[in-house]
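Visitor: below are the sequence and a predicted model; questions follow.
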Amino acid sequence: MTPEEFRDAGHQMIDWIADYRANIDQMPVRAQVRPGEIKNKLPTSPPETPETIDRLLQDLDQIVLPGITQVQHPMHFGWFPSNASLASVLGDIASSGLGTIGISWESCPALTEIEQVVCDWMRQLTGLSEQWEGTIHDTASTACLTALLLAREQASGYSQNAGGLQSMSKPLVVYTTEEAHSSVTKAALLAGFGKRNLRLVNHDITTRAMLPEDLKARIEQDIADDFQPTAVVASVGSTGVTAFDPVAQIAEITSQYKLWLHIDAAMAGNAMLLPECRHLWDGVEAADSISWNPHKWMGTILDCALFYVKDPEHLIRVMSTNPSYLRSSVDQQVTQYRDWGIPLGRRFRALKLWFHLRLDGPEAIRNRLRRDLDNARWFASEVAKSPDWQVVAPVTLQTVCIRHQPDGFQGEALNKHTLAWVDAINQSGEAFMSPAKIDDCWLARVSIGVETSTREHVKKLWDLIQSSAVQTLK
């Protein structure tokens, strides 16, 4: 494809995307396909000759769109907000069009230095002090793994340069709660701690937040049992019910016992753009690392996860590789982001965040977040005052966890009823929610935060929920 052919095809592609976004509310929210249906519509062999952009766009309409659960749809209330602002889409297109390789500062100085600047912008926008330095990962899952690798090497005296964990005389232990994201368990396993050395600290039965007194007791018991406490992963806005672990109290304990403290604020970190929400991670300045995802509620298109540390030298010592073919005369003067994470190469991710902040502006983003918080409070109040309905977890941000419990419904019967009415809504394509389970009892999560979701959409969802719950009782 020549630049001129690209220009013509690109105009058509941009028009297609603009039309798609303009008309997304006319589509079913949930993907309307069966397993294997899309695959069976595709040729079994690759094309031997070029096809036209018109043919590709036709297949986008007829094959791809039916196979997408539309997370940009204003009636999407599942999982978490995964906004992809069109301003950031332009940045992503610029990144792809430039086709840079971020394997060193020399390979793309602009990539490195714009990433440094936007990470510092985000530090300022979330109220973090100047002691933090950041980089952009693909997801908070990768950031959590990186954090636990840093914790492992701190606790083991850089054992990776000798015999690794196999040479350690004591098992290294990580602490979190069952409310933590599944990626925390995966990170602990991949970092070599082993499942037997992952402790699930008890949580408050109402808030689902980690209990500091139980954390301290488990640490002391592990010390007595000749284990080596190593790291705590605290959730600032857990996935299930948006629980907030008490960071300040946890930090006092990790400081006392010299444990690494990682703050996983994947979704809720977006709320820290609002000064009135920053009390939710009070004590964060005492942590060792933080991660959160602008590609969630804030709306910078995936993948864009921020990872901050206070000690970049430790990060570099753990993650650094310095092959001869990447050395240059400026190595001592510049940041080499290949030494700040797992992959060698990286995309120019900073452009999408740069475009988003410059074209939309932080104040517009803050206004939208406040709108969503207000809509969540309204929705929760409607549920709470309705007979047989319950708000089953504190509504701290934009996620509202609810349950319909008619007289006589308990245990398995209640679980079946909950899953039935949620599934009926999802299958209809009119809206989408994701259920979750706490204490062996299912609930429905209403995660409010899609860029185009207004109060009218939330009202429509509440009508659908009430109707579906009644219909499934018949």
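Guide: It's in. Numbering: from 1, shown residues only.
Visitor: so what are the domain limits for the chain?
Guide: 3-68, 94-359, 363-471 (automatic domain parsing).
Visitor: please work out which of these is packed deepest.
Guide: Among the domains of the chain, domain 94-359 has the highest mean neighbour count (mean count of other C-beta atoms under 10 Å), at a mean of 20. Glycine gets a C-beta too; all of them are placed from N, C-alpha and C.
Visitor: before we move on, back to that, need the domains of the chain in CSV with distance to Phe80 and mean pLDDT, can you?
Guide: Below are the domains of the chain laid out as CSV (distance: least, C-beta to C-beta, whole Å; pLDDT from 0 to 100):
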stretch, distance to Phe80, mean pLDDT
domain 3-68, 15, 96
domain 94-359, 5, 95
domain 363-471, 5, 96
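Visitor: using JSON lines, lay out the ones you listed together with distance to Pro81.
Guide: Output for the domains of the chain, formatted as JSON lines (distance: least, C-beta to C-beta, whole Å):
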{"stretch": "domain 3-68", "distance to Pro81": "14"}
{"stretch": "domain 94-359", "distance to Pro81": "4"}
{"stretch": "domain 363-471", "distance to Pro81": "3"}
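Visitor: which SSE is immediately downstream of the longest helix along the chain?
Guide: Ranked by number of residues, the top helix in the chain under DSSP state H is helix 362-384. With elements assigned by DSSP states H and E, the helix or strand that comes after helix 362-384 is strand 389-391.
Visitor: show me what that next one is packed up against.
Guide: helix 362-384, strand 399-404 (3 or more C-beta pairs under 8 Å, 6 or more residues apart in numbering; DSSP states H and E).
Visitor: got the contact list for it?
Guide: Contacts with strand 389-391, where a contact means C-beta atoms under 8 Å, 6 or more residues apart in numbering, come from Ala380, Val383, Ala384, Val400, Cys401, Ile402, Arg403, His404, Gln405.
Visitor: I'd like to know how far the second one sits from Arg196.
Guide: Taking C-beta to C-beta, to the nearest Å as the measure, Val383 and Arg196 are separated by 41 Å.
Visitor: swap in the first one?
Guide: Computed with C-beta to C-beta, the distance linking Ala380 and Arg196 is 40 Å.
Visitor: all helices of the stretch 201-350 of the chain, in order?
Guide: In the stretch 201-350 of the chain, helices defined by DSSP state H, counting those that start in this stretch lie at 212-224, 247-257, 312-319, 350-359, listed in chain order.
Visitor: just the CA atoms of the shortest one, as CSV, please.
Guide: This points to helix 312-319. Below are the C-alpha coordinates for helix 312-319, written out as CSV (Å, rounded to 0.1, in the frame of the first residue of the first chain):
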residue,chain,number,x,y,z
PRO,A,312,14.0,3.9,39.9
GLU,A,313,17.5,2.7,40.6
HIS,A,314,16.2,-0.4,42.2
LEU,A,315,13.8,-0.9,39.3
ILE,A,316,16.6,-0.6,36.8
ARG,A,317,18.9,-2.9,38.8
VAL,A,318,16.3,-5.6,38.7
MET,A,319,15.0,-5.2,35.2
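Visitor: what does that helix contact?
Guide: So helix 312-319 is contacted by 133, 146, 149-150, 153-154, 158, 160, 309, 336, 339-342 (C-beta under 8 Å, 6+ apart).
Visitor: circling back to that earlier point, which of the helices of the stretch 201-350 of the chain sits closest to Leu125?
Guide: With C-beta to C-beta as the criterion, Leu125 lies closest to helix 350-359 of the helices of the stretch 201-350 of the chain, at 8.4 Å.
Visitor: quick one: the closest one to helix 362-384, angle?
Guide: Between the axis of helix 350-359 and that of helix 362-384 there is an angle of 90 degrees, by axes from the mean of the first three to the mean of the last three C-alpha atoms, to 10 degrees.
Visitor: just the CA atoms of helix 350-359, as PDB, please.
Guide: The C-alpha trace of helix 350-359 is given here as PDB (Å, rounded to 0.1, in the frame of the first residue of the first chain):
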ATOM      1  CA  ALA A 350       2.500   8.000  25.400                       C
ATOM      2  CA  LEU A 351       1.000   9.600  22.300                       C
ATOM      3  CA  LYS A 352      -2.600   8.400  23.000                       C
ATOM      4  CA  LEU A 353      -2.300   9.900  26.600                       C
ATOM      5  CA  TRP A 354      -0.700  13.000  25.200                       C
ATOM      6  CA  PHE A 355      -3.500  13.500  22.600                       C
ATOM      7  CA  HIS A 356      -6.200  12.700  25.100                       C
ATOM      8  CA  LEU A 357      -5.000  15.300  27.700                       C
ATOM      9  CA  ARG A 358      -4.400  18.000  25.000                       C
ATOM     10  CA  LEU A 359      -7.500  17.500  22.900                       C
END
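Visitor: centre of the chain versus it, how much separation?
Guide: 18 Å (C-alpha atoms, centre = their mean, to the nearest Å).
Visitor: circling back: need the helices of the stretch 201-350 of the chain in JSON lines with distance to Glu5, can you?
Guide: Formatted as JSON lines, those follow (distance: least, C-beta to C-beta, whole Å):
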{"stretch": "helix 212-224", "distance to Glu5": "60"}
{"stretch": "helix 247-257", "distance to Glu5": "53"}
{"stretch": "helix 312-319", "distance to Glu5": "41"}
{"stretch": "helix 350-359", "distance to Glu5": "24"}
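Visitor: quick one, which of those helices gets closest to Gln124.
Guide: helix 350-359 (11.1 Å).
Visitor: who are the packing partners of the closest one?
Guide: helix 86-98, helix 109-125.
Visitor: angle of that helix against helix 86-98?
Guide: 140 degrees.
Visitor: residues contacting helix 350-359, please?
Guide: Contacts of helix 350-359 (C-beta under 8 Å, 6+ apart): 85, 87-92, 94-95, 98, 111, 114-115, 117-119, 121-122, 136, 294, 298-301, 304.
Visitor: cool, stretch 405-415 as well?
Guide: Asp388, Trp389, Gln390, Arg403, His417, Cys441, Trp442, Leu473.
Visitor: picking that back up, ok, the contacts of strand 389-391 vs Glu5, which is closest?
Guide: Among those, and counting by C-beta to C-beta, the member closest to Glu5 is Val400, at 49.0 Å.
Visitor: now do the strands in the stretch 51-200 of the chain.
Guide: 133-137, 172-176, 198-200 (DSSP state E, counting those that start in this stretch).
Visitor: and Lys258, which of these is closest to it?
Guide: Using C-beta to C-beta, the nearest of the strands of the stretch 51-200 of the chain to Lys258 is strand 172-176, at 12.7 Å.
Visitor: how far does the closest one sit from its chain's centre?
Guide: Counting by C-alpha atoms, centre = their mean, strand 172-176 comes out at 22 Å from the chain centroid.
Visitor: can I get that strand in PDB, CA atoms only?
Guide: Extracted in PDB, the C-alpha atoms of strand 172-176 (Å, rounded to 0.1, in the frame of the first residue of the first chain):
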ATOM      1  CA  LEU A 172       9.200 -15.400  50.700                       C
ATOM      2  CA  VAL A 173       5.600 -14.500  51.400                       C
ATOM      3  CA  VAL A 174       3.100 -12.100  49.700                       C
ATOM      4  CA  TYR A 175       0.000 -10.700  51.400                       C
ATOM      5  CA  THR A 176      -3.300  -9.500  49.900                       C
END
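Visitor: parallel or antiparallel, list what pairs with that strand.
Guide: According to DSSP bridges, strand 172-176 has the following sheet partners: strand 198-200 (parallel), strand 228-235 (parallel).
Visitor: from Asn270, how far out is Leu315?
Guide: For Leu315 relative to Asn270 (C-beta to C-beta), the value is 24 Å.
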